[in-house]
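In: take this sequence and fold it.
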Amino acid sequence: MNFDLVVIGSGPGGYVAAIRASQLGMKVGVIEKSELGGICLNWGCIPTKSLLKSAQVFNYLKHASDYGISINGEVSADFSKVIERSRSVADGMSKGIQYLFKKNKIEVVQGFGKLINNKTVLVSKEDGTSTEVSANHIILATGARSKEMPNFKQDGKKIIGYREALTLEKLPESMLVIGSGAIGSEFAFFYHSMGTKVTIVEFMPTLVPNEDEEVAKQLGRSFKKIGIDVMVSSSVEKVEIVDNICRATITTKKGEEIVDAEIVLSAVGISPNLESIGVEELGIELEKGKIKVDEFYRTNVEGVYAIGDIVHGHALAHVASAEGITCVEKIAGHSPEPVDYKNIPGCTYTSPEIASVGLTEQMAIDAGYEIKVGKFPFTASGKASSAGARDGFVKLIFDAKYGELLGAHMIGDNVTEMIAEIVVARKLETTGHEIIKAIHPHPTMSEAIMEAAAAAYGEVIHV
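Out: Residues are numbered from 1 along each chain as shown. Next comes the predicted model:
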């Protein structure tokens, strides 16, 4: 089996790289040990958004009277049906990748791929057989998995990771979520919405600690308002199973606390999948546990490339896709622009949602900028009031000297659909006054972007 390009892994980095390479005239093979689409489509981005949509609909129904609608009888959620729908959506997306591969004449080789040399991959199959695949170029896109905590082990039943959280057979009465990044916060919100008593523990002083401090504090207030127990500046020291209950010992600023929960979800990050794929044997250089690459994702071994969660950078699906496209365009002899890691949007799909790009206020100050900051609260938005979603705000940060848009930080209803405007604006080096003069439709949530820009320059109308 000979190809121009072989991609190991079919997640959002691998499958996008494969399709782009095929478009550029390459004969492409993809090696995949499990479902097409990788973690994102099957066990991450897509199924979690399905669960969160179910939670949103359930919340709407529970609060229907707020919108002048009466529902006769009790509103309830069938947890197994919610999980079933999520798996169905994920399966449909995976089948979509099958279609795209067929359309683009990409050959799938099922099995576990290991580098033999810089031109050959050994593919081991479930039936015990193996085959060799050769290619002029090999892209490693093997992704990542849930990180294990050093002080207690996941057993997949009582102490679980994100994969098990997607397929629980019954709704737990209580859950302790360790870690408040996107994964932890989203699952905390989903399970709380379904009726589970949720406690979320974060080591840092705020939830979603990588976000702007004001955004992070707003999420904490929103979570507490709906009844999620929030423990920040806290760490889980150990978890013991006592009478089929998880007993967690937690160190807080006030001292040691014990929290009991039916399930403990560990959401403390991810670990790259680099074991047993031949990286060390081939002498591929690592740096702090990930593969070292240049701006076009070339490793130190000629003909071998790496993208996505196994290289340094943002562990996000859309970043892996961008890296894959850049990588194969360079292989094809084009002159692609390197990925701009300073303009990567991040989204958290809780309620309220979070979306951000660029520098936080503190980062801008630490970098030595003189800044202008504009905020517009959704309490002043007609669309937000009409939707019954007044929590949150849009915050924009500008360089006072040149008007450059340094960063944007949003928390509120549907803001994950609004952040792309800022990404494009930053790409085009748009200034604050250009945003102010760009007419935004009324009534929309996106008006808050224009108003926040105006606030930074003392021209805001509606607050």
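In: from residue 181, how far out is the most centrally placed residue in the chain?
Out: Centroid-nearest residue in the chain: residue 316, 5.3 Å away (criterion: C-alpha atoms, centre = their mean). As for residue 316, its distance to residue 181 is 11 Å (criterion: C-beta to C-beta, to the nearest Å). (C-beta placed from N, C-alpha, C; glycine too.)
In: in three-state terms, label residue 210 for me.
Out: coil (DSSP: H, G, I helix; E, B strand; the rest coil).
In: can you check residue 42 too?
Out: Looking at residue 42 with three-state DSSP, the answer is helix.
In: domain-wise, how is this structure divided?
Out: 2-145+271-341, 159-268, 352-456 (automatic domain parsing).
In: out of those, nearest to residue 153?
Out: The minimum distance between residue 153 and the domains of the chain falls on domain 159-268, with 7.0 Å, by C-beta to C-beta.
In: any idea how far apart the tips of the closest one sit?
Out: 13 Å (C-alpha to C-alpha, to the nearest Å).
In: pLDDT averaged over it - what is it?
Out: Average pLDDT, domain 159-268: 96.
In: and stretch 77-87, by the same measure?
Out: If you average the pLDDT values across stretch 77-87, you get 96.
In: list the buried residues for that stretch?
Out: Buried residues in stretch 77-87, counted by 16 or more other C-beta atoms under 10 Å: 77, 79, 82-83, 85-86.
In: how distant is it from the center of its chain?
Out: 22 Å (C-alpha atoms, centre = their mean, to the nearest Å).
In: over to stretch 342-359?
Out: That offset, for stretch 342-359, works out to 9 Å (C-alpha atoms, centre = their mean).
In: just stretch 367-379 next, same as before
Out: 25 Å.
In: circling back to that earlier point, would JSON lines of the buried residues of stretch 77-87 with secondary structure and distance to residue 457 be doable?
Out: JSON lines is the format used below for those (DSSP: H, G, I helix; E, B strand; the rest coil; distance: C-beta to C-beta, whole Å):
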{"residue": "77", "secondary structure": "coil", "distance to residue 457": "46"}
{"residue": "79", "secondary structure": "helix", "distance to residue 457": "49"}
{"residue": "82", "secondary structure": "helix", "distance to residue 457": "46"}
{"residue": "83", "secondary structure": "helix", "distance to residue 457": "49"}
{"residue": "85", "secondary structure": "helix", "distance to residue 457": "46"}
{"residue": "86", "secondary structure": "helix", "distance to residue 457": "45"}
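In: closest to residue 27 among those residues?
Out: Nearest member of the buried residues of stretch 77-87 to residue 27, counting by C-beta to C-beta, is residue 86, at 35.7 Å.
In: next, the contact list for that closest one, please.
Out: 47-48, 50-51, 54, 166 (C-beta atoms under 8 Å, 6 or more residues apart in numbering).
In: which two of those residues have the greatest separation?
Out: So for those, where distance means C-beta to C-beta, the most widely separated pair is 54 and 166, at 12.3 Å.
In: show me where the stretch 101-250 of the chain has its strands.
Out: 107-110, 112-117, 120-124, 130-140, 144-146, 159-160, 174-178, 197-201, 229-231, 235-242, 245-252 (DSSP state E, counting those that start in this stretch).
In: who does the second one touch, helix- and strand-wise?
Out: Going back to what we said before, that points to strand 112-117. On a contact count with 3 or more C-beta pairs under 8 Å, 6 or more residues apart in numbering; DSSP states H and E, strand 112-117 meets strand 120-124, strand 130-140.
In: can you list these in CSV and add mean pLDDT and distance to residue 418?
Out: As requested, these are exported to CSV (pLDDT from 0 to 100; distance: least, C-beta to C-beta, whole Å):
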stretch, mean pLDDT, distance to residue 418
strand 120-124, 97, 42
strand 130-140, 97, 33
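In: switch those strands over to a markdown table; also include distance to residue 442 and mean neighbour count.
Out: Listed next are the helices and strands packed on strand 112-117 as a markdown table, based on distance: least, C-beta to C-beta, whole Å; neighbours: other C-beta atoms under 10 Å:
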| stretch | distance to residue 442 | mean neighbour count |
| --- | --- | --- |
| strand 120-124 | 56 | 19 |
| strand 130-140 | 46 | 20 |
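In: next, format those as CSV and append distance to residue 65.
Out: Converted to CSV, those look like this (distance: least, C-beta to C-beta, whole Å):
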stretch, distance to residue 65
strand 120-124, 58
strand 130-140, 54
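In: closest one to residue 369 among these?
Out: strand 130-140 (37.5 Å).
In: for residue 36, which non-adjacent residue is closest in space?
Out: Spatial nearest neighbour of residue 36, excluding adjacent residues (C-beta to C-beta, 6 or more residues apart in numbering): residue 97 at 4.2 Å.
In: now do the contacts for the one you found.
Out: Here residue 97 is in contact with 10, 15, 36-37, 41 (criterion: C-beta under 8 Å, 6+ apart).
In: check residue 11 and give its pLDDT.
Out: pLDDT at residue 11 comes out at 95.
In: quick one, helices of the chain?
Out: 14-23, 38-43, 45-62, 79-103, 162-165, 182-194, 213-226, 317-331, 361-366, 382-387, 419-427, 432-437, 447-456 (DSSP state H).
In: can you add distance to residue 146 and give those helices back as JSON lines?
Out: Shown next, in JSON lines, are these (distance: least, C-beta to C-beta, whole Å):
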{"stretch": "helix 14-23", "distance to residue 146": "19"}
{"stretch": "helix 38-43", "distance to residue 146": "9"}
{"stretch": "helix 45-62", "distance to residue 146": "13"}
{"stretch": "helix 79-103", "distance to residue 146": "17"}
{"stretch": "helix 162-165", "distance to residue 146": "6"}
{"stretch": "helix 182-194", "distance to residue 146": "8"}
{"stretch": "helix 213-226", "distance to residue 146": "22"}
{"stretch": "helix 317-331", "distance to residue 146": "16"}
{"stretch": "helix 361-366", "distance to residue 146": "28"}
{"stretch": "helix 382-387", "distance to residue 146": "34"}
{"stretch": "helix 419-427", "distance to residue 146": "26"}
{"stretch": "helix 432-437", "distance to residue 146": "39"}
{"stretch": "helix 447-456", "distance to residue 146": "35"}
